[in-house]
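Trainee: no FASTA, just this:
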């Protein structure tokens, strides 16, 4: 074999030859010369090659390799030999896809093929999958027809009310108050308009006949009691009546808990009972809510304190139960001689709104 002397070397420049491989095929002598397009990505400098052969477009990016690919070219006339650095590109056919063909059509074709050529096991799987498919539009229409005539009163929302927090059982509370008097804001319990309306209704009726005797004594003992506190005295009496009354009375359609004030009667029934499908009820959580609200109102009308022995005589509960309920409303139990006094003072006995272990307490 004669020795070859390399006369020139051509490294890669802006334009250089490209050795082409075809995916899943080889170039034969039957391949004729074809025009091609060489493109370059401006962002990363990568080059791509595209050509058309027999009506099918082939394209591919230049292969990055750590080794250099060289072509040895010899001029038959002059006998000179050149060494040329080249790139390598692997071309893949660009297959046409029908973008207009929907998933539904593809699923249908797959289903038909499975039914005709699938095994028994596969047919069962496909049929089961078809049964599980749901027409969303049909279901939406059915749900609309079912719910169109449902009103809010027909839903039992009591299970969604967060009864695992102490704040459910008490009026709006300011745990960051600087004074005990600011812990419970009277105008967050009822609005000024509600106080005025309820008090005007009370004046027209013999409201004192609806006060519990021991609460009536508090009202009569205190001279010139403000209108708001007088309303809260009636409010406390009504809630304690609701707490102790039998459920069979509450479920009656014509049930009235406060005859002296229709406005207060409506407020109590809306906030301390539930109404599902026109049936009124008083769940255990609402019963405790009514009692805790009443304890707060008693403290507010009696200078933020009350004798535990006195209230236990009128409401048949143990001292332990009263202490637990007073703790929920933020009151502290203090001892004065032989008496135990529930007093609303700072710091509050409860300083957080953590989850309760149980709705019962």
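Mentor: Okay, I see it. Computed from a predicted model, the values in this text were never measured in an experiment.
Trainee: residue boundaries of the strands in the stretch 51-200 of the chain?
Mentor: 56-61, 69-74, 81-93 (DSSP state E, counting those that start in this stretch).
Trainee: JSON lines please, covering these and showing mean pLDDT, distance to residue 15 and mean neighbour count.
Mentor: In this view, the C-beta of every residue, glycine as well, is placed from N, C-alpha and C. Below are those laid out as JSON lines (pLDDT from 0 to 100; distance: least, Cβ to Cβ, whole Å; neighbours: other Cβ atoms under 10 Å):
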{"stretch": "strand 56-61", "mean pLDDT": "85", "distance to residue 15": "17", "mean neighbour count": "17"}
{"stretch": "strand 69-74", "mean pLDDT": "84", "distance to residue 15": "14", "mean neighbour count": "13"}
{"stretch": "strand 81-93", "mean pLDDT": "84", "distance to residue 15": "11", "mean neighbour count": "16"}
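Trainee: okay, those in a markdown table with distance to residue 110 next?
Mentor: As requested, these are exported to a markdown table (distance: least, Cβ to Cβ, whole Å):
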| stretch | distance to residue 110 |
| --- | --- |
| strand 56-61 | 27 |
| strand 69-74 | 45 |
| strand 81-93 | 24 |
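Trainee: Can you say which of the ones you listed is nearest to residue 208?
Mentor: Within the strands of the stretch 51-200 of the chain, the stretch nearest residue 208 is strand 56-61; the backing value is 95.0 Å (Cβ to Cβ).
Trainee: quick one, the closest one and strand 81-93 angle?
Mentor: 120 degrees (axes from the mean of the first three to the mean of the last three Cα atoms, to 10 degrees).
Trainee: which neighbours does strand 56-61 have in its sheet, and in what orientation?
Mentor: Strand 56-61 sits in its sheet next to strand 47-53 (antiparallel), strand 81-93 (antiparallel), going by DSSP bridges.
Trainee: will you turn these into CSV that also has distance to residue 341?
Mentor: Output for these, formatted as CSV (distance: least, Cβ to Cβ, whole Å):
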stretch, distance to residue 341
strand 47-53, 89
strand 81-93, 90
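Trainee: moving C-terminal of the helix or strand where residue 217 lies, what's the next helix or strand?
Mentor: If you go by DSSP states H and E, residue 217 is part of helix 213-221. Following helix 213-221 in sequence order, the next helix or strand is helix 227-244 (DSSP H and E).
Trainee: Show me what that next one is in contact with.
Mentor: With contact meaning Cβ atoms under 8 Å, 6 or more residues apart in numbering, helix 227-244 is reached by 186, 189-190, 195-196, 198-199, 202, 207, 210-212, 215, 218-219, 225, 250, 257-258, 260-261, 264-265, 268, 272-273, 282, 287, 290-291, 293-294, 297-298, 300-301, 315.
Trainee: ok so, going back, report the angle between the axes of the helix holding residue 217 and helix 227-244?
Mentor: Using the same axes, to 10 degrees, helix 213-221 lies at 170 degrees relative to helix 227-244.
Trainee: and helix 213-221, how far out from the chain's middle?
Mentor: 48 Å (Cα atoms, centre = their mean, to the nearest Å).
Trainee: how about it: buried residues?
Mentor: 215, 216, 218, 219 (16 or more other Cβ atoms under 10 Å).
Trainee: Pick the one among these closest to residue 9.
Mentor: Distances from residue 9 to the buried residues of helix 213-221, taken by Cβ to Cβ, are shortest for residue 215, at 111.2 Å.
Trainee: Out of the strands of the stretch 51-200 of the chain, which gets nearest to residue 167?
Mentor: strand 56-61 (64.8 Å).
Trainee: Poorly predicted segments of the stretch 1-150 of the chain, please.
Mentor: Within the stretch 1-150 of the chain, the segments meeting pLDDT under 70 span 1-6, 96-109, 131-139, 146-150.
Trainee: and what of the stretch 251-361 of the chain?
Mentor: 349-361.
Trainee: go with 50
Mentor: Within the stretch 251-361 of the chain, the stretches with pLDDT under 50 are 351-355, 357-359.
Trainee: For it, which segments count as helices?
Mentor: Using DSSP state H, counting those that start in this stretch, the helices of the stretch 251-361 of the chain run over residues 262-272, 284-301, 308-314, 319-328.
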